[in-house]
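S.K.: Need a 3D model of the sequence below.
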Amino acid sequence: MARYIGPKTKIARKFGAAIYGDDKNFEKRKNQPPGQHGVNKRRGSKKSEYAVQLMEKQKAKYTYGILERQFANLYEKANRAKGVTGEVLLQLCESRLDNVVYRFGFAKTRAGARQLVSHRHITVNGELVNIPSYTLKAGDVVAIREKSKSLEVIANSLAYKSNYEWLQFNDETKQGTFIAAPERIQIPEDLKEQLIVELYSK
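M.R.: Numbering: from 1, shown residues only. Coordinates of the predicted model:
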């Protein structure tokens, strides 16, 4: 499946946020938008309502590494579900297998997590799953395949892992349980999901 493989610092500067994680180049130039001249003063820096909403949707897509059609499908699913559409949309993004692998610390980035899943290094409830968009349910156990536990890239990443309230991780067995989809207040991503809902509602 196609993925964005262009310059990541440029995208991060566009949104003014380190959406791909630690980036020394972004830290140096985070206050300067991409492009030779930054913000073009002749055109003005004020954005229309539509532009602001579109920007937020693009930011969410790049953050979670989801393509346009996939993201639109997630929105439709969230719109049909009970609850606040914007919050449900983010919960669906957080419930993706590649995102949970990233949250558990098996990889330093979501792109790295997606690669681990695609290359058959991850199991769900003891079964190999190589679909990054696989949606986890409460109680699902995510683990590193036995043959892959010695991978240096995984060991290095686990050294910097963070803890999240909706995930339970066992350091000895190197496996974690997806307790439940997180509440909005628990999701650390700086996203204004209501703007995305407003965009799709037009």
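
S.K.: Mean pLDDT per helix and strand in the protein: which one sits at the bottom?
M.R.: Ranked by mean pLDDT, DSSP states H and E, the weakest helix or strand in the chain is helix 24-29, scoring a mean of 55.

S.K.: would you list every one of the strands in this structure?
M.R.: Taking DSSP state E, the strands of the chain run over residues 122-124, 127-128, 140-144, 167-170, 175-178.

S.K.: Please name the strands paired to the shortest one in the sheet, noting orientation.
M.R.: In this case it means strand 127-128. Its sheet considered, strand 127-128 pairs with strand 122-124 (antiparallel) by DSSP bridges.

S.K.: what's the strand it pairs with in contact with?
M.R.: Contact partners of strand 122-124, identified using CB atoms under 8 Å, 6 or more residues apart in numbering, comprise 97, 101, 106, 116, 128-130, 134, 136, 140-145. (Glycine included, C-beta is placed from N, CA and C.)

S.K.: Closest to residue 172 out of these?
M.R.: Each of those was scored against residue 172 by CB to CB, and residue 143 proved nearest at 11.8 Å.

S.K.: Quick check, pLDDT for the closest one.
M.R.: The per-residue pLDDT reported for residue 143 equals 96.

S.K.: Contacts only, for the residue nearest to it when sequence neighbours are not counted.
M.R.: Nearest residue to residue 143, sequence neighbours excluded (CB to CB, 6 or more residues apart in numbering): residue 175, at 3.5 Å. For residue 175, the contacting residues are 141, 142, 143, 144, 169, by CB under 8 Å, 6+ apart.

S.K.: Of those residues - the most surrounded one?
M.R.: The member of the contacts of residue 175 that has the most neighbours, counting by other CB atoms under 10 Å, is residue 142 with 24 neighbours.

S.K.: Quick check: it touching residue 97?
M.R.: Yes - contact between residue 142 and residue 97 holds when scored by CB atoms under 8 Å: they sit 7.2 Å apart.

S.K.: so what sits against both of the two?
M.R.: Between them, residue 142 and residue 97 share the neighbouring residues 122, 124, 136, with contact defined by CB under 8 Å, 6+ apart.

S.K.: partners of the second one in the sheet?
M.R.: This points to residue 124. Legend: beta-bridge partners of residue 124 under DSSP bridges are residue 127, residue 142.

S.K.: if you go through this structure in chain order, where are the helices?
M.R.: 8-15, 24-29, 49-64, 68-80, 85-94, 97-103, 110-118, 152-158, 193-200 (DSSP state H).

S.K.: a markdown table for the ones you listed, including distance to residue 182 and mean neighbour count?
M.R.: Rendered in a markdown table, the data for the helices of the chain read as follows (distance: least, CB to CB, whole Å; neighbours: other CB atoms under 10 Å):
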| stretch | distance to residue 182 | mean neighbour count |
| --- | --- | --- |
| helix 8-15 | 22 | 18 |
| helix 24-29 | 26 | 13 |
| helix 49-64 | 14 | 18 |
| helix 68-80 | 14 | 15 |
| helix 85-94 | 6 | 22 |
| helix 97-103 | 9 | 25 |
| helix 110-118 | 16 | 21 |
| helix 152-158 | 21 | 15 |
| helix 193-200 | 13 | 19 |
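
S.K.: Great, nothing more from me.
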